[in-house]
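Below is the sequence, then the predicted model.
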Amino acid sequence: MPKKRVFQLAKEMGLQSQALVAALKGLGFQNVTVASAVDEETAKALEELLAEQLAKVRTKKAEEEAKTTAPTAAVQPAAAEAPPTQEPKPEAVPKRGRRKPEETPAPEEVLAATTEEVPVHEKEAEPERVLPRRASYFDQEMLKLERQLERLAQEVGTEPGATETKPSLRELVSRPKGPRPPSAIDVPPVVTVLGHVDHGKTTLLDRIRQTNVAAQEDGGITQHIGASEVEYRGRTIVFLDTPGHEAFTQLRARGAQVTDLAVLVVAADDGIMPQTVEAINHAKAADVPILVAVNKTDLPEADPERVKQQLLQYELVPEEWGGDTIVVPVSALRGEGIDELLEMILLVAEMQELWADPKAPFSAVVIESRLDSSRGPVATVLTRSGTLKVGDVLLCGTAYGRVRQIRDWRGRQLKEVPPGRPVELVGFDTVPEAGGLVEAVKTIKEARRLAEERQEAEAEKERQQLARRRVEEAYAGLTAQSKKVLRAIIKADVWGSAEALRDALLRLAAASEELSVDIIHLGVGDVTESDVSLAVACEATIIAFRASVGTAARQMAADEGVQIRSYEIIYDALEDLRVELEGMLEPVYREERIGRAQVLQVFPARSFGAVAGCRVLDGRLQRGAEMVVRRAGQEVFRGIIDSLRRFDADVDTVEAPNECGVGSREFKAWQPDDLIEAMLRIEIRPTLRPEGADQKA
Ligand code: GDP
């Protein structure tokens, strides 16, 4: 039987999906969401149930009204409708209920309270937002629910609709929550593909885009965040490129912040892996719906059912098992299931009713940025609200400028761009940070002033940090337990990589209490002499990721003994830096029991006063090893096995079940039946590799 989703049902009933959800929750369906799928029978039952509920409310209300209006009713009998109790309801929920002309008029009094500020936010809603007087009582209830929802939205800080307070930039780049203004347009969903390395994210995106992205990568790992638009059945989907390595967690998390939907790629032969879990957590934290693409179903060892089982552990219950999670089996390699995946993406997007207002102030989020040798600072932004035109003045953090060029992801030049699209912008004076929020400013003068103010504030912050660092270092120098510090200057070709490296380093250091990483400077572009002189001043190492080192800078580094580590592949960089940090750690020791022996007899001895004649019960005793002597379970001595003899000869080890003599310089109070436990201190090379981390090269 074909299934219907709640949002579709709501559409049929002429209701806002959220209002229907709220109504259903009111009826006790606590887990229902707009995405919940119901079969036709259930849908019908729900309609009836709602109608029944409504009839009850109506009867109650009518009774109350009859009580309060009784005296006047006698004076104005003509004004009264047929008594509500006589209505032959429960009627079915009206299809497209709000505007039915033939609908029974509700009592005027019921309307009076709600007529003014009723926020009807249907797409095709009447522009003046006044409730038609003939609306049914059911609509009243629904409208109340909608109003409750809006109040809720206001409480969490989003202003529905235009009010006199100016929305903040953060609000502008978020999806609007209030009623849809008449000027609003539908915008494409923004999709991020997440998943464990090698599960096929790149291949899937590639297949979807029909271009060959994978072939251009170093080491098979996606390294740059970009974005692309895909047309399917006349509709657009924006895909954010996602890096595949776990070190890019931060970038992925950022991707998820502008993301409307996360496609979780899980290889059917491999199942859920650490980075899959990470991806699930990020999507959940960002409150982004997850659609699961079970990939590599072409492989003979593929086991999609096992993947579905595993998903349960993460509260992702596949639809066919009664849950909300859409699971689509695909083979990115063969292109199987891709159409269904795109259908499902559009379906989930449709439920979200995504729109943006091209008339609102302009806002955008920087997805990626870099310094292009011929074009200067280039930023890929995702436009979120308003309309951007060539010549507009933009501000992003401390970067500003007049837009000289707008290009879409295929390199086509645009004169203007509506909200909801990924575009590449040229015109900023410096490289804006990835993740930065972009706003429009009226004049270049104003932009410069704001940028300078921010620069000054940042410089002040840096000065304070430097001062604090000095104090901390001076203090640490006085204490024995000073931390080992790796100071680093990171230069990369793009912001995303620079930040990812910084975050990976900080995370590595955070794994050990002994270490700390101090990122002195983070930047995009070549390593310059100024970087080297900063490194000299701070005794820092320079990490250059896909960033070239100028000849003068290289010479200066050699003269000054500054280390510059250059990398092309993120995995190499992380491995190398991990080894470097591990080398800074003090080794740790673990005691391992190597054997036990029981004292049989005690002999006087010249050298140690007394030696114990023992039988080795298990394992071995070893000269030089540590031992614990216990008597009736209590420890009576801890020290070193200084002497080990067998048949009057000094030996290094004695294995079970042999007998031997044991002596210690510091202990002579041996007694028969004492138990000796011999132990070795094993040196453990400290590692910063997280448990279960992927070790793929
Ligand atoms: P990513 O690290 O998640 O981006 O994974 P890739 O897209 O780079 O894919 C990793 C490997 O899996 C590559 O060798 C792909 O050819 C292979 N692969 C991807 N999708 C499929 C698929 O559907 N079937 C099979 N058999 N192999 C696939």
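That came through fine.

For the residue nearest to residue 590 when sequence neighbours are not counted, grab the count of nearby residues.
Nearest residue to residue 590, sequence neighbours excluded (Cβ to Cβ, 6 or more residues apart in numbering): residue 682, at 5.0 Å. Any C-beta I mention is one placed from the backbone N, CA and C, and that applies to glycine too. By the criterion of other Cβ atoms under 10 Å, residue 682 has 11 neighbours.

again with residue 417
24.

for residue 547, same thing?
Residues near residue 547, counting by other Cβ under 10 Å: 25.

So it sits against residue 527, correct?
Yes: counting by Cβ atoms under 8 Å, residue 527 is a contact partner of residue 547 at 5.9 Å.

anything in contact with each of the two?
Here residue 547 and residue 527 have residue 491 as joint contacts, going by Cβ atoms under 8 Å, 6 or more residues apart in numbering.

returning to what we had before: which SS class is the residue nearest to residue 590?
What DSSP: H, G, I helix; E, B strand; the rest coil gives for residue 682 is strand.

got the contact list for residue 581?
486, 505, 508, 509, 512, 515, 517, 688.

Out of these, which is nearest to residue 239?
Relative to residue 239, the closest of the contacts of residue 581 is residue 505; by Cβ to Cβ it sits at 29.0 Å.

neighbours around that closest one, how many?
When neighbours are counted by other Cβ under 10 Å, residue 505 registers 25.

Also residue 373?
8.

taking the contacts of residue 581 one by one, which sit in helices?
Among the contacts of residue 581, DSSP state H puts 505, 508, 509 in helices.

Which residue, neighbours along the chain excluded, lies closest to the first one?
Right, residue 505. Closest to residue 505 by Cβ to Cβ, 6+ apart is residue 517, at 4.7 Å.

Quickly note the distance from that neighbour to residue 12.
Using Cβ to Cβ, to the nearest Å, residue 517 is found at 57 Å from residue 12.

hang on, residue 570 packs against residue 500?
Yes: the pair residue 570 / residue 500 is scored as a contact, 7.1 Å apart, by Cβ under 8 Å.

Looking at those two, which one has more neighbours?
The neighbour comparison of residue 570 against residue 500 (other Cβ under 10 Å) goes to residue 500, with 28 against 25.

so where does the more buried one fall, helix or strand?
helix 495-510 (DSSP states H and E).

Flag the shaky bits of the stretch 451-600 of the chain, pLDDT-wise.
Within the stretch 451-600 of the chain, the set of residues satisfying pLDDT under 70 comprises 466-483.

rerun at 90
455-487, 493-501, 503-526, 528-540, 550, 552, 556, 559-561, 569-592 (pLDDT under 90).

Spell out the residue ranges of the strands in it.
484-492, 515-524, 541-545, 564-567, 588-605 (DSSP state E, counting those that start in this stretch).

Confirm for me that residue 423 is in contact with residue 410.
No: with contact defined as Cβ under 8 Å, residue 423 does not reach residue 410; the gap is 10.7 Å.

Which one of those two is surrounded by more residues?
More neighbours surround residue 423 than the other of residue 423 and residue 410, with 23 against 8 (other Cβ under 10 Å).

part of a helix, is the more buried one?
No: Residue 423 is assigned strand when assessed by three-state DSSP, not a helix.

how much space between it and residue 233?
Relative to residue 233, and taking Cβ to Cβ, residue 423 is found at 23 Å.

swap in residue 572?
Plainly put, residue 572 is 42 Å away from residue 233 if you go by Cβ to Cβ.

Next: residue 579.
Separation of residue 579 from residue 233 (Cβ to Cβ): 50 Å.

do the same with residue 62
The value you get for residue 62 to residue 233, if Cβ to Cβ is used, is 48 Å.

quick one: which of these two has more around it?
Legend: neighbour count by other Cβ under 10 Å for residue 62 and residue 233, higher for residue 62 (21 against 8).

Let's test this: mean pLDDT of the strand or helix carrying that one, rounded?
Per DSSP H and E, residue 62 falls inside helix 40-75. What helix 40-75 shows for mean pLDDT is 64.

Over to stretch 8-17?
Averaging pLDDT along stretch 8-17 yields 71.

same thing with stretch 261-275?
92.

Using PDB, write out every CA atom in it.
Only the C-alpha atoms of stretch 261-275 are listed here, as PDB (Å, rounded to 0.1, in the frame of the first residue of the first chain):
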ATOM      1  CA  LEU A 261      20.200  17.400   4.800                       C
ATOM      2  CA  ALA A 262      23.100  15.000   5.500                       C
ATOM      3  CA  VAL A 263      23.600  12.000   3.200                       C
ATOM      4  CA  LEU A 264      25.400   9.400   5.200                       C
ATOM      5  CA  VAL A 265      27.300   7.100   3.000                       C
ATOM      6  CA  VAL A 266      27.900   3.600   4.500                       C
ATOM      7  CA  ALA A 267      29.700   0.900   2.500                       C
ATOM      8  CA  ALA A 268      27.600  -2.200   2.500                       C
ATOM      9  CA  ASP A 269      30.600  -4.400   2.800                       C
ATOM     10  CA  ASP A 270      32.200  -2.500   5.600                       C
ATOM     11  CA  GLY A 271      29.300  -1.300   7.700                       C
ATOM     12  CA  ILE A 272      29.400   1.500  10.300                       C
ATOM     13  CA  MET A 273      32.900   2.700  11.100                       C
ATOM     14  CA  PRO A 274      34.300   5.300  13.500                       C
ATOM     15  CA  GLN A 275      33.900   8.200  11.100                       C
END
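
Am I right that residue 399 is in contact with residue 378?
No: the pair residue 399 / residue 378 is not scored as a contact, 11.5 Å apart, by Cβ under 8 Å.

Next up, the contacts around residue 320.
Per Cβ under 8 Å, 6+ apart, neighbours of residue 320: residue 327.

how much space between it and the ligand?
The gap separating residue 320 from the ligand is 21 Å, by Cβ to the nearest ligand atom, to the nearest Å.

How about the secondary structure of that residue?
Per three-state DSSP, residue 320 ends up helix.

on that earlier part again, mind giving me CSV with the ones in helices among the contacts of residue 581 and columns for distance to residue 283?
Listed next are the ones in helices among the contacts of residue 581 as CSV, based on distance: Cβ to Cβ, whole Å:
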residue, distance to residue 283
505, 25
508, 25
509, 27
